[in-house]
Each structure stands twice: as structure tokens, then as C-alpha cells.
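Trainee: this one's sequence-less:
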């Protein structure tokens, strides 16, 4: 399936975003203050576009699958959620490149939302998680405007259902559409809806679960030491061991040793 919407033309000049190509993915060589400043300046023009939150797993998937690589490179930018990505970037001369995670970006935007008047739509996860998330947002981010929340069905979505989802999100007049479907599903969904959905789409993976308190994030020292993946592995060893073993070794061989 062709996931790219060829008719869409970004209203923001992508050439002004510094990027470091790692294994085919043009990763934004940025840090959080840069990203928040960029978001505040361009939020209206970013409507209809999307941002990928990229880690070692999605980068290796992109290396293995050119169509998914095109999806990663087809939005306004792909930010380095994985610590190893920003470490490789700095080694390649991008001294300002720092780890910018999806959950941290979401929190930083929520912090300034009441003052900026931003509206938010949350698409993904389960109804139970969205309910928890709603309570936490009211408590921790007073004045934040939740334009809507929707937990999509697990079955394949029909054309009619998809049109209804597009209408529902667009009519909410959200500035941000946070997409929590997990990779690679969320990136493909955003690419398919580029230029169709009103609002800036950001694929944030497990951020809804983190914020709702379903999953605990690694302690700060582990995050700073690029060991968040190890913490996740300890939480879900059965699900993640094979994935991490494959992606981490492939990443080290290609990005770190071969310099791809």
C-alpha cells in the first residue's frame, strides 16, 4: 500500500531544519528548546503535517523497509527519541543534537498549552487509558483544552469509518493530534492522513500509557545513560527481548561501526 500523500506540500520550509542521516532516516539534529520554539512559531502552518518520534527500532525498520523509510522522511521531521541516535549524531558533528522523546515533547507542549490556547486531540490506545489520561490532564495541566479523544477499533477500518474519523478530528479544531498507535502503525496512519486531517499529527507511541500511569518510565539516570530500552526490557522481557537483540545489534553494526 502507498502510504504517502503525494498531493500534500508542507507550508513550512523543511530545509531550515538541521538533519543527520542515520541508516537512511533524516533525523532532526535538534534539542527540546529548539523543538518547542519551532512548534510555537509554526503551529498553524503545521496543520495537516506530521512528526515522527524515532528510535533505534524504527530506524532499523526503515533500513529494512524503503516504504517505511519514506514514511519516516515524509513528515515535517523525525525527532531522535532514542539516546543512541543523538549520540551518533553528536559523533558526526551535530553538537546540538539531543535526545527528544515523545512523552517529554507531549509534556512540554502541555505545559505551555493553557497560555498559548492550544487544543489537543488524543487518537489511539484504549478507552480505559484515555479516561485515566483525561483525569490526569485536568489535574496536572489546569486550563488545558482537550478537543477530543478516540480509541479506534482493533479491526481494519473501512473507508466510511475512516472518513468519519477524519471529520471528527478536523471538526474538533485541534492544534495537536497526538497519535498513540505504536510503531510502525502510527507513522503509516499519519502518512496516509497527511493533508486530510486538520491539526499537527505527532506519533507518540506509549506516551498515553506513561502519562496515564500504566507504564513507569525509567529513572532519570537510566534515561541519561541511554538505558531506557533496558528498563523497558526488564518490564516486558518476553515481548521485547527478540526485538531489542535484533535491532540493537543491527544498529551498532550499521550506524556505529559502518557509519551508515
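Mentor: Sure thing, it's come through. Every value quoted in this text rests on a predicted model; they were computed, and no experiment measured them.
Trainee: now the strands for the protein?
Mentor: Remark: strands assigned in the chain by DSSP state E are 19-22, 25-28, 50-54, 77-80, 119-124, 145-150, 176-180, 200-203.
Trainee: so which of those gets nearest residue 210?
Mentor: Of all the strands of the chain, strand 176-180 sits nearest to residue 210, with 9.9 Å by Cβ to Cβ. Yep, even glycine has a C-beta here, placed from its N, CA and C like the rest.
Trainee: Does anything pack onto the closest one? Which helices or strands?
Mentor: strand 119-124, helix 185-192, strand 200-203, helix 207-212 (3 or more Cβ pairs under 8 Å, 6 or more residues apart in numbering; DSSP states H and E).
Trainee: how far is the shortest one from where the chain is centred?
Mentor: Right, the one you point to is strand 200-203. Taking Cα atoms, centre = their mean, to the nearest Å, the mean C-alpha location of strand 200-203 is offset from the chain mean by 7 Å.
Trainee: Against which helices or strands is it packed?
Mentor: strand 50-54, helix 102-116, strand 176-180, helix 185-192.
Trainee: Which strands border that strand, and is each parallel or antiparallel?
Mentor: strand 50-54 (parallel), strand 176-180 (parallel) (DSSP bridges).
Trainee: now swap in the first one and tell me
Mentor: Listed by DSSP bridges, the sheet partners of strand 119-124 and their directions read strand 145-150 (parallel), strand 176-180 (parallel).
Trainee: Tell me which of these sits most buried.
Mentor: Across these, averaging neighbours per residue (mean count of other Cβ atoms under 10 Å) puts strand 176-180 on top, at a mean of 27.
Trainee: Next one: residue 161 from residue 186, what distance?
Mentor: Distance, residue 161 to residue 186, by Cβ to Cβ, to the nearest Å: 17 Å.
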